[in-house]
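K.L.:
model this:
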Amino acid sequence: MIRHIPRLLGILALVAIASACTRGDSGQQSARGGGADDIGVTTESAAIPGATAPRSSGKTVSASTIGASAGQSAAQLDTTSRAEKAQAAAPSGSGRKLGVTIASLGDPSEAGFWIKTPLVGSETNGRIVNPATGKSANVRLIPLGGPASGGSQVSLPALQMLGVSLTDLPEIEVYEG
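P.N.:
Purely as a prediction, here's the structure:
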């Protein structure tokens, strides 16, 4: 009987490991308030004592929201009115050039004409220009943390006004005033 105890303990250890693997990350999900439908990102650093996980935006993605907006076109996401588009397209004064930045599409659910850029320290009005096409848009300049050489996020309607594909990363000029 005593000879079988190590074998029995080995089997129990395998069952415990298998059980933990089939449960997935339920312990971490409950700690952050998620449930069985949450898809959590796990990192091996969670298993290393003293290690920290990469920082995230804090947004939780659940299985019910993945692909929810996949059926929406850019036109459906653009909620700006004709008056707002006319105001953004209106010619403006030259303004002071703040610099050149690499632009990417910002949050398409945020309405209006704006650019989040590290080139400004406080919110103000300004203009962005696509030097490749000469097209411009009057926008709200919103500070974005990071070095001045960092990229910027531009609203969907502003990128469309500049004649830029939503997947491109163009260099654009930023003007204050």
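
K.L.:
C-alpha from now on. contacts and neighbour counts both.
P.N.:
Noted.

K.L.:
which residues of this protein score low on pLDDT?
P.N.:
1-4, 6, 8-9, 12-16, 18-81, 83-94 (pLDDT under 70).

K.L.:
element containing A137?
P.N.:
Per DSSP states H and E, A137 falls inside strand 136-143.

K.L.:
residues making contact with that strand?
P.N.:
In this structure, residues lying in contact with strand 136-143 by CA atoms under 8 Å, 6 or more residues apart in numbering are 87-90, 92, 113-130, 158, 161-162, 176.

K.L.:
and the helix or strand that comes right after that strand, what does it pack against?
P.N.:
Per DSSP H and E, the first helix or strand lying C-terminal to strand 136-143 is strand 152-154. Using 3 or more CA pairs under 8 Å, 6 or more residues apart in numbering; DSSP states H and E, the elements in contact with strand 152-154 are strand 96-105, strand 114-117.

K.L.:
dump those strands into TSV; add mean neighbour count as well.
P.N.:
Output for the helices and strands packed on strand 152-154, formatted as TSV (neighbours: other CA atoms under 10 Å):
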stretch	mean neighbour count
strand 96-105	18
strand 114-117	25
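
K.L.:
dump these into CSV; add distance to V139 as well.
P.N.:
Shown next, in CSV, are the helices and strands packed on strand 152-154 (distance: least, CA to CA, whole Å):
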stretch, distance to V139
strand 96-105, 14
strand 114-117, 5
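
K.L.:
only alpha carbons, please: show the strand holding A137 as CSV.
P.N.:
Extracted in CSV, the C-alpha atoms of strand 136-143 (Å, rounded to 0.1, in the frame of the first residue of the first chain):
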residue,chain,number,x,y,z
SER,A,136,-6.6,71.1,-45.3
ALA,A,137,-9.1,71.0,-42.4
ASN,A,138,-9.8,73.3,-39.5
VAL,A,139,-9.7,71.2,-36.4
ARG,A,140,-9.5,71.2,-32.6
LEU,A,141,-5.9,70.6,-31.5
ILE,A,142,-6.0,68.4,-28.4
PRO,A,143,-2.8,67.6,-26.4
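
K.L.:
which parts of that strand are buried?
P.N.:
Under the neighbour-count criterion of 16 or more other CA atoms under 10 Å, strand 136-143 has S136, A137, N138, V139, R140, L141, I142, P143 buried.
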